[in-house]
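Participant: curious how this folds, go ahead:
(one chain, ligands or ions: 1)
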Amino acid sequence: MDRRELLQAVGGIGALNALAGTPLFSQGMASEGVAPSRAFTTSFENFREQFGPTEIPFDNPLPTDLVGTLYRNGPARMKRGDSNYHHWFDGDGMIQSFFIQGKTLRHSGKIVQTDKYKTEQKAGRFLWSGFGTSFDDALQPHKPDDINVANISVLPMGDEILALWEAGSAWRIDSKSLDTLGRKVFSAETNGLPFSAHPRVDSLGRIWNFGYLSGQNKIVLYELSPSGVLKRVQVVDSKKSNMIHDFAMTEQYLIFALMPIDFIPPTEPGIPSFLSMLKWDDNSSVDLLVIDKETLSVVTKIEIPPFFVFHFGNAWQEGSDLRIETARGPDFHALMNQIELATRGKALDAELPSHTAMDIIVDLVAGSVRTENLPFRGADFPCFDERFPGERTNLLVMLERSHSMPNEVFGYDTVSSFDRKSSEMASWSYGPTTIAEEHILVPKPNSKEGRGWILGTAYNWYLDQTEFRVFDTRSLKDGPIASASLPYGLPIGLHGKFVPGNA
Ligand SMILES: [Fe+2]
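Facilitator: Residues are numbered from 1 along each chain as shown. Take a look at the predicted model:
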């Protein structure tokens, strides 16, 4: 597909320009200074353009075969002058690196120098409305990358780390210095098209991703070689492609859960936030779209009762069934409202409706779908042993929200794992003054599936410091095997990846 064909498929430059107006991006105990309601937002008051390098000791030495760097991304800058973003997803992205070896952790962090960031830096103020915040004097963006904050996740690629957003290009980051090297252009024809934040790498090393075009009924599919060379790009026509955060992948298929979110362009002057243009339709359905990886064509589309989902774990085929690990979310607008309250430093107004994790099972022969609940409570950020993508994996790790978490505080406090083989759950809680960030499974070299370590960061708002914990997958409930605490708190982030080896 050449650039002309691609642009025709996505509706041409006009469509891209139309997108420019839609900042797509694609949630007591009182200390002396911090009220629980301000726990979440306090982390962002620690913003600096650069952190570290800071070297701190672990309390216990790490296993000798656990050496490498955890790269994380997340919204960091939420304030310029008197202007504040009011939604977590608005913030300018910052890449954090945590190199771990022996008894040492070395941390660095740098803001991603996107075009948007550099322009606003010069202006000394926020110029554009964001995902969830609008400004009365906001400028009209001319293309999605004008408002690209590169703040969701990372994709390691050679000596670089790609900083990923959802509605625009990836940004190239030097893995050593964390300096921003520029916008990633995979090819002329895909220049500026959205490259989402949850690419998946299959058992052959091939990298799969997508981008969605709100209001255009289009999904762009990407296949990259293991080294990051674009091999194929395909546009799929599909309704309900107004906000898609993640997808699932088996050996043979890519699976999308297209949610009933309508995109309603503004009818009045002004540049609204992207979120304000989205409307959940409870009378509609989630459309499960199954796409063949070889032909990049739709195999089947099945409508099921609506639910909200940000993230999927692993997925695999069992006979004619596809089994998809799914972190089913709560009500979309209620979740967005809770995130805004937390970002504004206000107490959550209600407990989120019950939500859980489940397997979605698609019977390809019967064309039917059923679900089986997984024993997690209020859970998200699923991860699994990524040595086995598209194959059955037994260990699923997620963050949970325990009953001991203060009602006013947004987020998660517990790391949990479920073993499908033994049906055993294991959990460890950080306690009521800490918000856990994503934890990932790092496999032990040459080991069986699920054997290795769970590691991640957490923000202790009572102490205003970020903690790094390492667990053994075999003894999660016994607590961390090694812990280190930074002498500062970091803005609460989103996703990361671990790159093994010496820094
Ligand atoms: Fe995500």
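Participant: and the host helix or strand of Glu340, what other elements does it pack with?
Facilitator: Glu340 belongs to helix 332-344 when assigned by DSSP states H and E. Judged by 3 or more C-beta pairs under 8 Å, 6 or more residues apart in numbering; DSSP states H and E, helix 332-344 is in contact with helix 39-42, strand 278-280. Placement of C-beta: from N, CA and C, glycine included.
Participant: please identify the most buried of those.
Facilitator: A comparison of these by mean neighbour count, using mean count of other C-beta atoms under 10 Å, puts helix 39-42 on top with a mean of 25.
Participant: tell me the helix or strand right after it.
Facilitator: strand 50-57.
Participant: got the buried residues for that next one?
Facilitator: 51-52 (16 or more other C-beta atoms under 10 Å).
Participant: the helix or strand following that strand versus helix 332-344: what angle between them?
Facilitator: Using DSSP H and E, the helix or strand that follows strand 50-57 in sequence is strand 68-77. In terms of direction (axes from the mean of the first three to the mean of the last three C-alpha atoms, to 10 degrees), strand 68-77 departs from helix 332-344 by 90 degrees.
Participant: now strand 68-77 - C-alpha only, PDB.
Facilitator: What follows is strand 68-77, C-alpha atoms only, in PDB (Å, rounded to 0.1, in the frame of the first residue of the first chain):
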ATOM      1  CA  GLY A  68      18.600  -5.000  33.400                       C
ATOM      2  CA  THR A  69      16.600  -1.800  33.000                       C
ATOM      3  CA  LEU A  70      13.000  -1.100  33.600                       C
ATOM      4  CA  TYR A  71      11.900   1.700  31.300                       C
ATOM      5  CA  ARG A  72       8.600   3.400  32.300                       C
ATOM      6  CA  ASN A  73       6.500   6.100  30.700                       C
ATOM      7  CA  GLY A  74       3.800   8.300  32.100                       C
ATOM      8  CA  PRO A  75       2.200  11.700  32.300                       C
ATOM      9  CA  ALA A  76       4.500  14.000  34.300                       C
ATOM     10  CA  ARG A  77       4.100  17.700  33.600                       C
END
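Participant: how far does whatever helix or strand comes next after that strand sit from the chain's center?
Facilitator: Counting by DSSP H and E, the next helix or strand C-terminal to strand 68-77 is strand 79-80. Mean-position distance between strand 79-80 and its chain equals 23 Å (C-alpha atoms, centre = their mean, to the nearest Å).
Participant: what strands line up against the helix or strand that strand 79-80 is followed by, and which way round?
Facilitator: Toward the C-terminus, strand 79-80 is succeeded by strand 83-84 as the next helix or strand (DSSP H and E). Partner strands for strand 83-84, per DSSP bridges, with pairing direction: strand 79-80 (antiparallel).
Participant: which other helices and strands contact the next helix or strand after the helix holding Glu340?
Facilitator: Sequence order places strand 356-363 as the next helix or strand after helix 332-344, per DSSP H and E. Counting by 3+ C-beta pairs under 8 Å, 6+ apart, the packing neighbours recorded for strand 356-363 are strand 286-292, strand 298-304, strand 321-329, strand 368-377.
Participant: which of those sits most buried?
Facilitator: strand 321-329 (a mean of 23).
Participant: check what contacts that one and list those residues.
Facilitator: With contact meaning C-beta atoms under 8 Å, 6 or more residues apart in numbering, strand 321-329 is reached by 248, 250, 253, 255, 257, 290, 307-317, 335, 355-364, 374, 379-382, 384, 392, 396, 398.
Participant: cool, and stretch 467-479?
Facilitator: By C-beta under 8 Å, 6+ apart, stretch 467-479 touches 58, 62, 66, 98, 100, 105, 107, 395, 397, 415-417, 426-428, 430, 434, 439, 441, 450-460, 480-486.
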